[in-house]
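Undergrad: got a predicted model here, sequence first, then my questions.
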Amino acid sequence: MGGGQTAAYAYRSDNRRIHSRNASGSETIYFYGADGMRIATYTYTMITYNGNAEIQLTQQSQNVYFLGKPISAEGNLVSTDRLGSVRSGGPGGLGYQAQYPYGVEYSLTANDREKYATYTRDSATGFDYATNRYYASQWGRFLSPDPYVNSAGLGDPGSWNRYAYTGGDPINRSDPTGNAWICIGISDDCLLTYFDDNPSGGAGGAGSPHARGPYSDSGQHGGHGGQGIGITKLSTTSKKAISVQNDLRWLQAAIAQDPNCDHWLQSNGQNINLAINYMLDAPGSGATAMMVGVGSFSDNAVNAMAGTGGTNLTPGSMLITVNTSGAFFNSGPASSVGYGVPSWITGGSPAAQALILLHELAHVVGAAGFNNNDYGNATAEKNNNTLVMRNCGDIVNLLGNH
């Protein structure tokens, strides 16, 4: 870099940037809110107060959000599109900013600010900081492979390129954290090939897709054995449906009090509290209907499922559906709850109900290490349930089999 200086960055444990120094030596400190969104930047100077050396912070800019979208970024009013790309506003009151599908600008504008799909474009490199990876808009790909080793699925050849951005669909998908893409809206062109199928009685659901974010439903239609699964007597208002919803509300509060579980469920950059609010159609969540309910499954070995792909349900209508004939409501051995489930957790118990819902929540938000393709794979399902117990086991243990 010019002037003998080199740009440098520092990050905290979740890969969010907390410090930067540009080529001229100017340094910036970044602060984030509880939801992981950047709220302000500061410069600092060393001062002496009462004979003691202290750091004095001076606010440089702030971000303001409404319903999760920025309306002011770096102190400038902005408007964004559905992908989170800034389309107008910014330093100096920039007007409309057109971009090609993978983020290259029609006309270059100032860097070191959020531009494409929530990413910050750095002046030092021209690359986009995507929290967990760097993205090159001029190439339409990430600079490092997907850190999730099971990201490649046999049923989706496009996933074999672990450098690809959003599986090659930058129109209908985004990847806010650089770890996993999510669907923007509901369409057959925005499908995942990951399934949570468990014909032997696990906490997953046959043919069920898992949105990698709380606001989308995606999946390969067909599902279980290529036949899909039929769900009848779907309800979000029956006594059993309300009991599932109340269990989920209790879990929401318990997760907030359990740092390990909370951190794990938000490891993919999703806000688990907002996700649950959305599913439950809470006021201000942006949802338009209750998306948690119960139904009668054509395969009673399946306890619950996330999403609607591979079923007869209306696409996007449900995010978690529990089988009224499965181990959530009915007694049975631990094997009815799923592979890898501790033997003391029996079907129909509060612990089984919590484990089943936590399993589905982990799929919906794409929790770290969770294998979305565990259909017919006892090892994968066992590993998934082990992850639930390892990270959220205190909650499950608290309930016991009472």
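TA: Good, I have the coordinates.

Undergrad: where does this structure dip in pLDDT?
TA: Scanning the chain for pLDDT under 70 picks out the ranges 1-5, 148-156, 183, 185-228, 269, 284-285, 373-376, 400-402.

Undergrad: could you chop it up by domain?
TA: 2-108, 224-399 (automatic domain parsing).

Undergrad: now the helices: where do they sit in this protein?
TA: 239-256, 259-265, 272-279, 334-337, 350-365, 378-399 (DSSP state H).

Undergrad: thinking Val364 is in contact with Ala306, fair?
TA: Yes: here Val364 reaches Ala306: they are 5.1 Å apart, a contact under CB atoms under 8 Å. The C-beta positions use only the backbone N, C-alpha and C, and glycine is treated the same way.

Undergrad: before we move on, back to that, got a markdown table for the domains of the chain, with mean neighbour count and distance to Thr166 too?
TA: Below are those laid out as a markdown table (neighbours: other CB atoms under 10 Å; distance: least, CB to CB, whole Å):
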| stretch | mean neighbour count | distance to Thr166 |
| --- | --- | --- |
| domain 2-108 | 14 | 9 |
| domain 224-399 | 20 | 14 |
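
Undergrad: Serialize those to TSV and add fields for distance to Ala130.
TA: Below are those laid out as TSV (distance: least, CB to CB, whole Å):
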stretch	distance to Ala130
domain 2-108	9
domain 224-399	10
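
Undergrad: what about those, which gets the closest to Arg141?
TA: domain 2-108 (8.4 Å; CB to CB).

Undergrad: excluding sequence neighbours, find me the nearest residue to Asn397.
TA: Ala351 (7.4 Å; CB to CB, 6 or more residues apart in numbering).

Undergrad: stretch 116-126: end-to-end distance?
TA: 12 Å (CA to CA, to the nearest Å).

Undergrad: then stretch 359-378?
TA: 15 Å.

Undergrad: can you show me the strands along the stretch 1-150 of the chain?
TA: 8-11, 17-21, 27-32, 38-49, 52-62, 64-66, 69-73, 76-80, 86-89, 113-114, 120-121, 128-129, 134-136, 141-142 (DSSP state E, counting those that start in this stretch).

Undergrad: how far out from the middle of the chain is the fifth one?
TA: Right, the one you point to is strand 52-62. 33 Å (CA atoms, centre = their mean, to the nearest Å).

Undergrad: same for that strand, what does it pack against?
TA: strand 38-49 (3 or more CB pairs under 8 Å, 6 or more residues apart in numbering; DSSP states H and E).

Undergrad: direction included, what does the strand it packs on pair against?
TA: Here strand 38-49 has these sheet partners by DSSP bridges: strand 27-32 (antiparallel), strand 52-62 (antiparallel).

Undergrad: do you know which of the domains of the chain lies nearest Gln138?
TA: domain 2-108 (5.8 Å).

Undergrad: coming back round to it: out of the domains of the chain, flag the one nearest Pro170.
TA: With CB to CB as the criterion, Pro170 lies closest to domain 2-108 of these, at 4.7 Å.

Undergrad: can I get the strands of the stretch 1-150 of the chain in a markdown table with distance to Phe329?
TA: Output for these, formatted as a markdown table (distance: least, CB to CB, whole Å):
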| stretch | distance to Phe329 |
| --- | --- |
| strand 8-11 | 45 |
| strand 17-21 | 46 |
| strand 27-32 | 41 |
| strand 38-49 | 43 |
| strand 52-62 | 49 |
| strand 64-66 | 40 |
| strand 69-73 | 39 |
| strand 76-80 | 43 |
| strand 86-89 | 48 |
| strand 113-114 | 46 |
| strand 120-121 | 47 |
| strand 128-129 | 46 |
| strand 134-136 | 45 |
| strand 141-142 | 44 |
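
Undergrad: for the ones you listed, which one sits closest to Trp264?
TA: strand 27-32 (18.3 Å).

Undergrad: using PDB, list the CA coordinates for the closest one.
TA: Taking Å, rounded to 0.1, in the frame of the first residue of the first chain, the C-alpha atoms of strand 27-32 are listed here in PDB:
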ATOM      1  CA  GLU A  27      -8.200   3.200  12.300                       C
ATOM      2  CA  THR A  28     -11.800   2.300  12.900                       C
ATOM      3  CA  ILE A  29     -13.500   0.300  15.700                       C
ATOM      4  CA  TYR A  30     -16.900  -1.500  14.900                       C
ATOM      5  CA  PHE A  31     -19.700  -2.100  17.400                       C
ATOM      6  CA  TYR A  32     -22.600  -4.600  17.000                       C
END
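
Undergrad: for Thr41, give me its contacts.
TA: Counting by CB atoms under 8 Å, 6 or more residues apart in numbering, Thr41 touches 28-31, 59-62, 74.

Undergrad: take those residues and lay them out in a markdown table including distance to Gly168.
TA: Formatted as a markdown table, these follow (distance: CB to CB, whole Å):
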| residue | distance to Gly168 |
| --- | --- |
| Thr28 | 34 |
| Ile29 | 37 |
| Tyr30 | 31 |
| Phe31 | 35 |
| Gln59 | 41 |
| Gln60 | 37 |
| Ser61 | 35 |
| Gln62 | 36 |
| Glu74 | 31 |
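
Undergrad: farthest pair within the residues you listed?
TA: Ile29 and Glu74 (14.0 Å).

Undergrad: strands along the stretch 151-300 of the chain, start to end?
TA: 173-174, 182-183, 231-235, 292-297.

Undergrad: now render these as JSON lines, adding distance to Ser79.
TA: Output for the strands of the stretch 151-300 of the chain, formatted as JSON lines (distance: least, CB to CB, whole Å):
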{"stretch": "strand 173-174", "distance to Ser79": "17"}
{"stretch": "strand 182-183", "distance to Ser79": "21"}
{"stretch": "strand 231-235", "distance to Ser79": "38"}
{"stretch": "strand 292-297", "distance to Ser79": "33"}
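
Undergrad: Ser343: which of those strands is closest?
TA: Closest among the strands of the stretch 151-300 of the chain, using CB to CB: strand 292-297, at 24.9 Å.

Undergrad: so what touches that closest one?
TA: Residues contacting strand 292-297 (CB under 8 Å, 6+ apart): 205-206, 229-236, 238, 240-241, 244-245, 248, 279-280, 318-326.
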